[in-house]
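Trainee: the following block contains a protein sequence and its predicted model.
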Amino acid sequence: MDGGSVLRFRVLLLGWIPGLLLASGASALTPEQASRIAAGDSDARIEALNAAAADPALAAYVQALLADEVKLVPGDPPRALRVQGSQVVDAATGAPATLPDDAQDVVNNNRMRRELEAMAATLALLSPERAAREQAIAALADGVDASRLPLIDRALAAETDETLTLRLHRLRAGALIAAPERSLRLAAAGELAAAADPSVRALLLERLQAEADPGVRAALALALRDVESRLAWGDRLGVLFSGISLGSILMLVALGLAVTYGLMGVINMAHGELMMIGAYTTYVVQNLFRQHLPGAFDWYIVAAVPAAFLVAAAVGAALERSVIRWLYGRPLETLLATWGISLILMQAVRSLFGAQNVAVENPAWLSGGLAVLPNLTLPYNRLAIIAFAAAVLAGMALLIARTRLGLLVRGVTQNRQMAACVGVPTARVDTWAFSLGAGIAGLAGCALSQVGNVGPDLGQGYIVDAFMVVVTGGVGQLAGTVYAGLGLGIVNKLLEGWQGAVLAKITVLVLIVMFIQKRPQGLFALKGRSAEA
């Protein structure tokens with residue numbers, strides 16, 4: 001058990017031990033038991049500790065030993081006292097006592113401390129709190145020996161939760177797998193074969209190396225194959241989720257580029273830096289909440305989302321009105337100009353915030369994850385980004401297809417001269433459209449701040465992937481951006497497990513080039529009138 005697990009168990013034990021003692025009406029340990037557990041060599045102390053396992057009063061004594069609150073008064077046998085601040089009581093009976101000058105500290109070496117921690121976890125199996133019992137089972141799953149079987153059997157007899165009962169049966173089988181009786185080891189191997197837990201796989205691998213009986217070895221190997229086949233499903237689902245998560249990020253990054261490049265024909269090499277601005281806006285909002293609204297810090301991300309959109313959109317509008325408006329229809333010039341703008345924006349951020357990455361914390365409700373399988377946990381921040389990307393996509397689709405701004409953008413994109421002839425303010429629509437793409441890039445930066453580092457080079461890692469998504473999906477096609485983003489994300493993660501990250505990137509790039517050679521218009525081509533029409 002690590003330090004965090006030990007601390008959690010101590011807190012849990014402090015909470016339920018008094019109630020357990022009152023409910024059981026149990027008497028305290030005898031002075032001889034308390035003395036033998038605290039004094040002597042490790043083997044004798046461990047034997048005494050296991051012998052007293054059935055005593056409900058042992059939990060409080062183990063807790064005191066782990067907290068270094070027990071002292072020994074020399075004698076034959078020595079007397080154990082519990083010292084808590086200025087209060088001194090007999091460790092066995094709880095009667096008030098006086099601490100003599102010759103009292104000695106109880107020394108727990110690493111082996112003894114591990115045994116005490118394991119006993120504390122085992123005793124927690126009897127807790128009235130389900131959370132305490134669940135944590136105890138998880139802590140003991142890494143390794144439990146047959147000496148804990150009496151307490152495990154007591155916990156099984158008292159357990160009413162079906163899920164915990166199943167886990168206790170597997171815990172018991174894990175203790176029996178090293179039993180001296182061959183029949184018990186065979187039965188334990190058969191029971192463990194139904195598990196789907198990485199700790200069970202590690203236990204079976206360890207026992208395979210130590211087992212000498214050929215029949216038991218065969219049973220262990222069969223159980224190991226069954227466990228690994230179940231764990232493989234968790235690994236496959238994990239790869240799929242990672243692919244969907246990466247695909248949703250690529251889709252979110254490429255949505256803004258689908259407007260500026262797909263609809264307006266502007267090769268915006270500063271798109272990544274607009275994402276960076278959204279991420280740094282999130283960082284600034286976080287610091288403002290920490291300084292002025294610390295009680296509402298967990299909700300800073302709610303304010304950061306619109307702030308990131310508005311700041312990035314304002315920067316995009318300034319770029320369009322000052323530079324890009326003069327370069328429409330000249331793609332090479334827009335590429336060079338926006339590349340220069342990207343360098344200026346990166347240097348500006350370095351001057352304002354420094355060259356080092358800045359820390360953006362996840363809110364408490366985005367920390368942790370959802371345990372779906374024993375070897376598959378879905379992080380809340382990744383789930384939130386998938387949902388956020390879907391919401392942004394839905395909003396984008398509604399805006400383009402159902403609003404006046406979307407109608408004007410589509411009209412200017414399809415025929416700028418005709419739109420101008422019927423009174424559409426094309427210059428203003430260009431600014432709105434470019435600001436919209438820049439604002440969506442800011443939203444992507446806000447989302448990325450929750451899963452990665454925020455620094456001046458944030459956008460450089462996504463700009464190439466974003467262009468690949470837009471080109472593969474079809475220029476100007478939102479549906480193509482969705483399919484291409486999710487597809488490239490999943491393919492990338494599948495290839496990473498097979499070839500590694502670098503070769504996977506190269507392979508994806510080669511596949512995209514081959515695809516564009518065969519289908520230059522991408523997955524979805526823009527619809528137009530035929531020559532006959």
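Mentor: Noted; the coordinates are in hand. Numbers count the residues shown, from 1 in each chain.
Trainee: ok, which stretches of the stretch 351-500 of the chain are strands?
Mentor: In the stretch 351-500 of the chain, the strands defined using DSSP state E, counting those that start in this stretch lie at 369-373, 376-379.
Trainee: buried ones in the longest one?
Mentor: Within strand 369-373, the residues that qualify as buried are Leu373, counting by 16 or more other C-beta atoms under 10 Å. Bear in mind the C-beta positions are built from the backbone N, C-alpha and C, glycine included.
Trainee: do the same with the last one
Mentor: Along strand 376-379, these residues count as buried under the neighbour rule (16+ other C-beta under 10 Å): Leu376, Leu378, Pro379.
Trainee: ok, stretch 184-203 next?
Mentor: Neighbour-count burial for stretch 184-203 flags 184-189, 191-193, 195-197, 199-201, 203 (criterion: 16+ other C-beta under 10 Å).
Trainee: which of the residues you listed fall within helices?
Mentor: Using DSSP state H, the subset of the buried residues of stretch 184-203 located in helices is Leu184, Arg185, Leu186, Ala187, Ala188, Ala189, Glu191, Leu192, Ser199, Val200, Arg201, Leu203.
Trainee: for those residues, which one is nearest Ala312?
Mentor: Closest approach to Ala312 among those (C-beta to C-beta): Ser199, at 45.9 Å.
Trainee: ok, for the closest one, nearest residue in space, not its chain neighbours?
Mentor: Leaving aside its chain neighbours, Ser199 sits nearest to Ala141 (4.5 Å; criterion: C-beta to C-beta, 6 or more residues apart in numbering).
Trainee: ok, the one you found touching Arg201?
Mentor: No: counting by C-beta atoms under 8 Å, Ala141 does not reach Arg201; the two are 11.3 Å apart.
Trainee: return the distance of Thr93 relative to Val311.
Mentor: Thr93 is 69 Å from Val311, where distance means C-beta to C-beta, to the nearest Å.
Trainee: which one of these two has more residues nearby?
Mentor: More neighbours surround Val311 than the other of Thr93 and Val311, with 23 against 15 (other C-beta atoms under 10 Å).
Trainee: quick one on the thing from earlier: of the buried residues of stretch 184-203, which pair is most distant in space?
Mentor: The widest separation within the buried residues of stretch 184-203 (C-beta to C-beta) is 22.6 Å, between Leu184 and Ala196.
Trainee: any idea which helix or strand comes after the lengthiest helix in the chain?
Mentor: Longest helix in the chain, counting residues (DSSP H): helix 214-257. With elements assigned by DSSP states H and E, the helix or strand that comes after helix 214-257 is helix 271-292.
Trainee: buried ones in that next one, by neighbour count?
Mentor: Going by neighbour count (16+ other C-beta under 10 Å), the buried part of helix 271-292 is 271-286, 289.
Trainee: show me what that helix is packed up against.
Mentor: For helix 271-292, the packing partners by 3 or more C-beta pairs under 8 Å, 6 or more residues apart in numbering; DSSP states H and E come out as helix 214-257, helix 300-322, helix 331-353, helix 426-448, helix 463-473.
Trainee: highest mean neighbour count out of the ones you listed?
Mentor: The highest mean neighbour count among these, using mean count of other C-beta atoms under 10 Å, belongs to helix 426-448: a mean of 25.
Trainee: what mean pLDDT does it get?
Mentor: Per-residue pLDDT over helix 426-448 has a mean of 89.
Trainee: and the angle from that helix to helix 214-257?
Mentor: For helix 426-448 against helix 214-257, the angle by axes from the mean of the first three to the mean of the last three C-alpha atoms, to 10 degrees is 160 degrees.
Trainee: off-centre distance for helix 426-448?
Mentor: Between the centre of helix 426-448 and the centre of its chain there are 30 Å (C-alpha atoms, centre = their mean, to the nearest Å).
Trainee: that helix versus helix 463-473: what angle between them?
Mentor: Helix 426-448 runs at 120 degrees relative to helix 463-473, counting by the same axes, to 10 degrees.
Trainee: can you get me a residue count around Arg207?
Mentor: 21.
Trainee: please read the previous query as pertaining to Leu164.
Mentor: Leu164 has 19 neighbouring residues, counting by other C-beta under 10 Å.
Trainee: that one contacts Arg133, doesn't it?
Mentor: Yes: between Leu164 and Arg133 a contact is recorded at 5.8 Å, counting by C-beta under 8 Å.
Trainee: anything in contact with each of the two?
Mentor: Common neighbours of Leu164 and Arg133, counting by C-beta atoms under 8 Å, 6 or more residues apart in numbering, are absent.
Trainee: what helices and strands are in contact with whichever strand or helix holds Thr122?
Mentor: Using DSSP H and E, Thr122 sits in helix 110-123. Contact here means 3+ C-beta pairs under 8 Å, 6+ apart; on that basis helix 110-123 packs against helix 3-24, helix 42-51, helix 58-66, helix 130-140, helix 149-158.
Trainee: next, the buried residues of that helix.
Mentor: Buried residues in helix 110-123, defined by neighbour count with 16+ other C-beta under 10 Å: Met112, Glu115, Leu116, Glu117, Ala118, Met119, Ala120, Ala121, Thr122, Leu123.
Trainee: and these, which is closest to Gly238?
Mentor: Distance to Gly238 across the buried residues of helix 110-123 (C-beta to C-beta) is lowest for Ala121, with 28.1 Å.
Trainee: once you drop chain neighbours, what's closest to the closest one?
Mentor: What sits nearest to Ala121 in space, not counting adjacent residues and going by C-beta to C-beta, 6+ apart, is Ala139, at 4.4 Å.
Trainee: what's the distance between that neighbour and Ser322?
Mentor: In this view, Ala139 and Ser322 are 61 Å apart by C-beta to C-beta.
Trainee: can you give me the helices in the stretch 401-533 of the chain?
Mentor: 404-414, 416-421, 426-448, 463-473, 478-499, 501-518 (DSSP state H, counting those that start in this stretch).
Trainee: quick one: which of these is nearest Leu231?
Mentor: In terms of C-beta to C-beta, the element of the helices of the stretch 401-533 of the chain nearest to Leu231 is helix 478-499, at 14.6 Å.
Trainee: quick one, what contacts the most centrally placed residue in the chain?
Mentor: In the chain, the centroid-proximal residue (C-alpha atoms, centre = their mean) is Pro379; its distance is 3.6 Å. Applying C-beta under 8 Å, 6+ apart, we find Pro379 in contact with Gly368, Gly369.
Trainee: state the distance from it to Tyr462.
Mentor: Using C-beta to C-beta, one gets 19 Å for the distance from Pro379 to Tyr462.
Trainee: hmm, Leu192 is touching Leu222, no?
Mentor: No: using C-beta under 8 Å, Leu192 is not in contact with Leu222, being 10.5 Å away.
Trainee: who touches both of those two?
Mentor: Residues touching both Leu192 and Leu222 (C-beta under 8 Å, 6+ apart): there are none.
Trainee: which residues does the closest residue to Trp498 other than its chain neighbours contact?
Mentor: Leaving aside its chain neighbours, Trp498 sits nearest to Ala504 (7.7 Å; criterion: C-beta to C-beta, 6+ apart). By C-beta under 8 Å, 6+ apart, the contact list for Ala504 reads Asn492, Leu495, Glu496, Trp498.
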